[in-house]
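Asker: below: sequence and its predicted model.
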Amino acid sequence: NSCCCSFEDYKLTTEWLLNQTSHRPKVAVICGSGLGLLADGAANKQIFRYQDIPNFPVSTVQGHEGCLVFGTIEDTPCVFMQGHFHLYEGYSLCKVTFPVRIFKLMGVETLLVTNASGGICPDFKVGDIMIIKDHINLPGFAGQHPLCGPNDERFGIRFPCMSDAYSKDLRRVALDIGSELGCSDFIREGVYCMVSGPNFETIAEARMLLILGCDSVGMSTVPEVTVAKHCGLRVIGLSLITNKVSLDYSREEKVNHDEVLEIGKMRAEVLQKLVTTLISRCQQQSINTH
Ligand SMILES: O=P(O)(O)O[C@@H]1C[C@H](O)[C@@H](CO)O1
Ligand SMILES: Nc1nc2[nH]cnc2c(=O)[nH]1
């Protein structure tokens, strides 16, 4: 359960990428299930397949292209992960979070994470975009935590604070952009809970998550955000509600992965607009605060 990657592994991959590209990203975007198209708006793209990058894991899930895309959004140098990694694929949390430390070593300052999740909050509708306000690390409670094992002080401290994992300023900016784009009706804020998957929730589990204070549930993001916060990155998270999680034994609908990917396509255009505007404002904000 402790980290399987040494500092030299991270350095090797970082140096390989820095030698292969002249891009020097300031913002990294992790594209969740079915959301790889978020990279489409970038200019001057340079694309690497995960399998060609030393030490990088590869994507094994449908809807995760497995490409690292460097490019610029309105002059902001960015890197997009088209596909991320999950515990349920059999990866250790060290591998799941490997790219985040690479981004840090490459000079990234802000991490924008996206994912697909099931709505637990009864008010949420399919197609809502939830700005992540906070999270519950359910696997972490059971010792499946990316920071278990010897702490490497070159990345961060032994006991990092997580009470402000998601930047308040960036959440405000995202809300403002949502209203400028006329999307306020389907932009929410809420608490994301990570479970390991790969099965979707039983009704009893879903009811438990509601009582625990979760607004949505998914199978990713929390490890990456935890490692990002540990190494000092600013984080903003967007979760697309792709289905309502059943809380009621009388409901007949059954969730499946195709439906999750389908809703991603449905919201592609607005999500892309939100993400690209957010990236350019992130950078302006960063310039103004430094
Ligand atoms: O964006 P992620 O990868 O968190 O998407 C969720 C969790 C599973 O990977 C998938 C299940 O449909 O959706
Ligand atoms: N655990 C979980 N992950 C999801 N990803 C997309 N929808 C869901 C869901 O309902 N449950």
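Answerer: Nice, I can see it. Ligands and ions are numbered 1, 2, ... in the order given.

Asker: what number of residues lie near Val113?
Answerer: 26 (other CB atoms under 10 Å). For glycine as for every other residue, the C-beta is placed from the backbone atoms N, C-alpha and C.

Asker: so it makes contact with Val235?
Answerer: Yes: if you go by CB atoms under 8 Å, Val113 and Val235 touch, sitting 6.8 Å apart.

Asker: Val113 is in what secondary structure piece?
Answerer: Assigned by DSSP states H and E, Val113 falls within strand 110-119.

Asker: hang on, I meant Ile236
Answerer: If you go by DSSP H and E, Ile236 is part of strand 234-244.

Asker: repeat that for Ile263.
Answerer: When elements are assigned from DSSP H and E, Ile263 belongs to helix 257-266.

Asker: spatially nearest residue to whatever residue of the chain ends up closest to ligand 2 (excluding sequence neighbours)?
Answerer: Residue of the chain nearest ligand 2, by CB to the nearest ligand atom: Gly118 (2.1 Å). Residue nearest to Gly118 in three dimensions, not counting chain neighbours: Val245, with 4.0 Å by CB to CB, 6 or more residues apart in numbering.

Asker: neighbours of the one you found, just the number please.
Answerer: Applying other CB under 10 Å, I find that Val245 has 25 neighbouring residues.

Asker: ditto for Gln46
Answerer: 14.

Asker: so which strand or helix has it?
Answerer: Taking DSSP H and E as the definition, Gln46 sits inside strand 43-49.

Asker: and the contacts of that strand?
Answerer: For strand 43-49, contacts defined as CB atoms under 8 Å, 6 or more residues apart in numbering pick out 17, 20-21, 23, 39, 66-73.

Asker: is ligand 1 within reach of stretch 24-32?
Answerer: Yes: against ligand 1, stretch 24-32 shows contacts by CB under 6 Å from any ligand atom at Gly32.

Asker: pLDDT of that stretch, averaged?
Answerer: The predicted model gives stretch 24-32 an average pLDDT of 95.

Asker: equivalent analysis for stretch 223-241, please.
Answerer: Across stretch 223-241, the average pLDDT comes to 97.

Asker: any idea how far apart the tips of that stretch sit?
Answerer: Chord length of stretch 223-241, first to last residue, is 20 Å (CA to CA, to the nearest Å).
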